[in-house]
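Engineer: Dropping a prediction and its sequence here:
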Amino acid sequence: MDVVLDSFATLSFPLFVPADRPDRFAKACASGTDSVIIDLEDAVASDLKSAVRRIPRDALPSDRTVTLMLRINAPGTQWYRDDVAFARATGFDAVVLPKAETPEQISDLRAALNPGQKILGLVETVRGVARMTELAEATDRLAFGSIDLSADMGCENTHMAFLPIRSQIVQAARLAGRPAPLDGVTTATRDPDIIVEDARHSHEMGFGGKLLIHPNQIEPARSAFRPKKERIDWAERVIAASADGGAALVDGAMVDVPVLKQARRILDRARALS
């Protein structure tokens, strides 16, 4: 596992694969997404969690071009320490920490990993939400576990219910100087309209991608983050009008520094998702 791609600095759509299905690993790496998460936690039954750490040598392609992550079991569980040791020994590019709640958990995990291995912290409990800013500073990137959080809070997993928390996690990442966080999974795998709707909401809220659980979700999610043609055209007009560095009008509106930054962001995202 000697290929390290920095999906942490870009738009990212990590695809979960159960750790007890090594026959799917290579297919996931070739699915068209930028990163794959082999899941030791929710996707694996308790009596299999130790056995699945023995990943066959030929399960992963030697020439893969995706970031490879391992979701371990949460701190405090009986499997946590062995999962961390496995992540270190196997050389995954990053570790996904579920139920991240304190910066001390992050620092302890980082000390146990190899230099250069990154940490994606999943905020999916009320305790984690309460320390969001500290978690953002401690991790390399945050992700939002909306399904677990809805169970912990006893609320519905809807856009409206989590509007303030989604905004909070995006703000926390920005304040910490981290990449925009990743939004949580959508359970529907056969209806592209549902994943598009959820991913579009993620995009509008300022997330930098979305966690996925099925290859069918990759293109709908990416398409929701891809700027529409009219927005690209507008951004190109803004850039062209500002080429000489002076004040400019585009579509009857004044172009200032924030507008110029927005235009550049749109064009950058269009290129990344082309």
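Structural biologist: Nice, thanks for sending it over.

Engineer: Any figure for the gap between the residue nearest to Met153 when sequence neighbours are not counted and Glu101?
Structural biologist: Closest residue to Met153 apart from its sequence neighbours, by Cβ to Cβ, 6 or more residues apart in numbering: Val126 at 6.1 Å. Any C-beta I mention is one placed from the backbone N, CA and C, and that applies to glycine too. For Val126, the distance to Glu101 equals 9 Å [Cβ to Cβ, to the nearest Å].

Engineer: of the two, who's got more company?
Structural biologist: For Val126 versus Glu101, neighbours defined as other Cβ atoms under 10 Å are more numerous around Glu101 (23 against 13).

Engineer: Tell me the secondary structure of that one, please.
Structural biologist: What DSSP: H, G, I helix; E, B strand; the rest coil gives for Glu101 is coil.

Engineer: Tell me how far it lies from Met132.
Structural biologist: Applying Cβ to Cβ, the value for Glu101 to Met132 is 10 Å.

Engineer: which regions of the stretch 151-274 of the chain lie under the pLDDT threshold?
Structural biologist: Across the stretch 151-274 of the chain, the ranges flagged by pLDDT under 70 are 245-247.

Engineer: Would you map the strands across it?
Structural biologist: Assigned by DSSP state E, counting those that start in this stretch, the stretch 151-274 of the chain shows strands spanning 248-250, 253-255.

Engineer: would you turn those strands into CSV with mean neighbour count and distance to Leu142?
Structural biologist: Listed next are those as CSV, based on neighbours: other Cβ atoms under 10 Å; distance: least, Cβ to Cβ, whole Å:
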stretch, mean neighbour count, distance to Leu142
strand 248-250, 15, 34
strand 253-255, 13, 33
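
Engineer: Make JSON lines out of those strands and add distance to Thr189.
Structural biologist: Listed next are the strands of the stretch 151-274 of the chain as JSON lines, based on distance: least, Cβ to Cβ, whole Å:
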{"stretch": "strand 248-250", "distance to Thr189": "41"}
{"stretch": "strand 253-255", "distance to Thr189": "41"}
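
Engineer: ok, the residue nearest the centre of the chain - contacts?
Structural biologist: When Cα atoms, centre = their mean is applied to the chain, the residue found nearest the centroid is Leu182 (3.4 Å). Residues counted as contacts of Leu182 (Cβ atoms under 8 Å, 6 or more residues apart in numbering) are Ser12, Pro14, Leu120, Arg141, Leu142, Ala143, Phe144, Phe207, Gly208, Gly209, Lys210, Leu211.

Engineer: Can you turn the buried part of these into a PyMOL selection?
Structural biologist: Remark: buried members of the contacts of Leu182, expressed as a PyMOL selection using 16 or more other Cβ atoms under 10 Å:
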select buried, resi 12+14+120+141+142+143+144+207+208+209+210+211
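
Engineer: so can I have TSV of the contacts of Leu182 showing distance to Thr189?
Structural biologist: Below are the contacts of Leu182 laid out as TSV (distance: Cβ to Cβ, whole Å):
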residue	distance to Thr189
Ser12	19
Pro14	15
Leu120	22
Arg141	24
Leu142	24
Ala143	19
Phe144	19
Phe207	20
Gly208	22
Gly209	18
Lys210	14
Leu211	13
